[in-house]
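Asks: Any chance you could fold what I've pasted below:
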Amino acid sequence: MLQGFRAFIMPGNVVDLAVAVVIGAAFGSVVTTFTNKIIQPLIAAVGGAGSIGLGVQLGTSGNAKTFIDIGALISAMINFLIVAAVVYFLIVLPMTKLAERRQAAAAPPPPPAPSEDVVLLTQIRDLLRERAG
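Replies: Here you go, the predicted structure:
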């Protein structure tokens, strides 16, 4: 069990994972700020002037806690799509291509096809065996 743990730690998997978490958190913060400060105001503007955003107010009390904020949901979905696209195109796709290259490089090349002389000699040998047989 310890050998498996050592094999996990030694190649740098833990360091790579730690770097990915830190970069992911920083990027998530940038995307969240982008959606909160740029996308969400644009969505809220759809509600019209004097509106608190795109959504539905439950009841007539005007209590902010009874407001269903559809704009925040749309913003969160846009946030998710941006993060998912960046992760896919900057991490998953390049790693897949790298794994394919490594696998292709590790596979032994196929044996070369026999030349025409070898094929002809093989046919002659087989015919001579049939006649003698």
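
Asks: which residues sit against the lengthiest helix in the chain?
Replies: For the chain, the longest helix by residue count, based on DSSP state H, is helix 13-34. The contact list for helix 13-34, computed with Cβ atoms under 8 Å, 6 or more residues apart in numbering, reads 8, 79, 82, 83, 86, 87, 91. C-beta coordinates here come from the backbone N, C-alpha and C atoms, glycine included.

Asks: what's the closest non-adjacent residue to the fourth one?
Replies: Taking Cβ to Cβ, 6 or more residues apart in numbering, and ignoring the residues beside it in sequence, residue 83 has residue 31 as its nearest neighbour in space, at 5.5 Å.

Asks: Count residues in the vicinity of that neighbour, would you?
Replies: Neighbourhood size, residue 31 [other Cβ atoms under 10 Å]: 17.

Asks: Let the chain start at 8 from now.
Replies: In the new count, where the first residue is 8, that last one comes out as residue 38.

Asks: gap between the spatially most central residue of the chain and residue 31?
Replies: For the chain, the residue nearest the mean C-alpha position is residue 95 (2.9 Å; Cα atoms, centre = their mean). Going from residue 95 to residue 31 by Cβ to Cβ, to the nearest Å gives 13 Å.

Asks: which parts of the longest helix of the chain are buried?
Replies: residue 38 (16 or more other Cβ atoms under 10 Å).

Asks: Render the CA-only coordinates of that helix in CSV, please.
Replies: The C-alpha coordinates for helix 20-41 follow below in CSV (Å, rounded to 0.1, in the frame of the first residue of the first chain):
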residue,chain,number,x,y,z
ASN,A,20,1.3,14.3,-9.2
VAL,A,21,0.7,16.0,-5.9
VAL,A,22,2.6,19.2,-7.0
ASP,A,23,0.7,19.2,-10.3
LEU,A,24,-2.6,18.9,-8.5
ALA,A,25,-1.7,21.6,-6.0
VAL,A,26,-0.8,24.0,-8.9
ALA,A,27,-4.0,23.1,-10.7
VAL,A,28,-6.1,23.9,-7.6
VAL,A,29,-4.4,27.3,-7.1
ILE,A,30,-4.7,28.3,-10.7
GLY,A,31,-8.3,27.0,-10.9
ALA,A,32,-9.3,29.1,-7.8
ALA,A,33,-7.6,32.2,-9.3
PHE,A,34,-9.3,31.7,-12.6
GLY,A,35,-12.6,31.0,-11.0
SER,A,36,-12.4,34.3,-9.2
VAL,A,37,-11.7,36.2,-12.5
VAL,A,38,-14.7,34.5,-14.2
THR,A,39,-17.0,35.2,-11.2
THR,A,40,-16.0,38.8,-11.2
PHE,A,41,-16.6,39.0,-14.9
